[in-house]
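Q: For reference, the sequence and a predicted model appear below.
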Amino acid sequence: MQNKASLILMRLTNYRRFSTTEDITSSDTLGSFSQLILQGNTLKQDDWDKKIIKTAHLKLEVKDFKAYTDVVRKAAKQFGGYIANEEQNQSEEKIESTVTIKVPVNEFELIIDQLPVSAKKIVEKKVISEDVSEQLIDTKSRLATKQQMRLKYLEFLRQAKNMEEVLQVQSEINDLQEEIESASARINYLSHQSAFSTVNLTFYQPLAGFPANDTPGFVKRAVAAFKSGYDFMAELMIEVISIWPVFIFVLLGWVFLKKRTSGFSTNRQNL
């Protein structure tokens, strides 16, 4: 793309030698470039602050599912966030809800400390942090460069002398516009993700007859192991019994071979 742009620039420069009113080095164009460069420098100075995407994964066991649902909704509002996604499921064993909460980054630690307070037990807690400061600064720098190039190509477009040059420059402008839009979307995404942290919360209430999710003791594990071994042996015996025709076939074959071998031995002795 840069080589193509250089060729177009060289061709358009020859035409600009004969023009005194449409020169790219005019005071208006230089003023626009200078203003854009100053804005870019200001952005770079402001971007030195850390931009960190924080994500928490919480799994909790609760005593009262309905009451804790209200606790989650109130906590999201209390800490200036919102519920981005919510899903509930119920089975014979438990009723469960999976909620995605978005909160300002400054409230992230507060809400993940607050949510387990009303729960019965913390089953899982995991926090992940991703520093995207370098990605954000690099993307903004590329965006500023693309914007400057686009301004130059727009100036070239105004100075084009034939349709071939117009089409070539317009093609480059279209490509730059796509790259600018992509970079802008990436900047918006990273900025939002770093400004609002994510809490992936799963909480459930065991229903009647469903045992708590506790680690079993030695006796329970030993009994379970004995039962598992007994079940294995029972299944093995059933499998063996199910192939009884094979055993009969093997037994008949063995008897047949034994009689035949005995007959050959008797004949040889008589000879």
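A: Cool, got the structure. Numbers count the residues shown, from 1 in each chain.

Q: who does the lengthiest helix in the chain touch, helix- and strand-wise?
A: With DSSP state H setting the assignment, residue counts place helix 163-195 as the longest helix in the chain. For helix 163-195, the elements it packs on are helix 2-16, strand 52-61, helix 133-159, judged by 3 or more C-beta pairs under 8 Å, 6 or more residues apart in numbering; DSSP states H and E. All C-beta spots, glycine's among them, are computed from the backbone N, C-alpha and C.

Q: among these, which is nearest Leu207?
A: Between Leu207 and the helices and strands packed on helix 163-195, the shortest separation by C-beta to C-beta is 12.2 Å, and it involves strand 52-61.

Q: got the contact list for whatever helix or strand comes next after that closest one?
A: Along the chain past strand 52-61, the next helix or strand (assigned with DSSP states H and E) turns out to be helix 65-78. Around helix 65-78, the neighbours that count as contacts under C-beta atoms under 8 Å, 6 or more residues apart in numbering are 60, 62, 82-83, 95, 97, 99, 101, 103, 111, 114-115, 118-119, 201, 203-205.

Q: Let's see that with 6 Å instead.
A: Contacting residues not belonging to helix 65-78 are listed as Val62, Tyr82, Ile83, Ile95, Val99, Ile101, Ile111, Gln114, Ser118, Phe203, Gln205 [C-beta atoms under 6 Å, 6 or more residues apart in numbering].

Q: did I read that right, the fifth one in a strand?
A: Yes. The assignment for Val99, made by DSSP: H, G, I helix; E, B strand; the rest coil, places it in a strand.

Q: how many other residues sit next to it?
A: Neighbour count of Val99, defined by other C-beta atoms under 10 Å: 21.

Q: picking that back up, quick one: the helices and strands packed on helix 163-195 as a markdown table, columns for mean neighbour count, distance to Tyr189 and mean pLDDT too.
A: Converted to a markdown table, these look like this (neighbours: other C-beta atoms under 10 Å; distance: least, C-beta to C-beta, whole Å; pLDDT from 0 to 100):
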| stretch | mean neighbour count | distance to Tyr189 | mean pLDDT |
| --- | --- | --- | --- |
| helix 2-16 | 13 | 27 | 47 |
| strand 52-61 | 18 | 10 | 91 |
| helix 133-159 | 17 | 10 | 84 |
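
Q: can you tell me which of the ones you listed comes nearest to Gly229?
A: Distances from Gly229 to each of the helices and strands packed on helix 163-195 were compared using C-beta to C-beta; the minimum, 31.1 Å, belongs to strand 52-61.

Q: Count the neighbours of Ser97 for me.
A: The number of residues packed around Ser97, counting by other C-beta under 10 Å, is 19.

Q: How about it: what's its closest non-neighbour residue?
A: On the basis of C-beta to C-beta, 6 or more residues apart in numbering, the spatially nearest residue to Ser97 that is not a chain neighbour turns out to be Gln88, at 4.7 Å.

Q: now do Gln170
A: Here the nearest residue to Gln170 in space, its sequence neighbours aside, is Leu157; by C-beta to C-beta, 6+ apart that works out to 6.6 Å.
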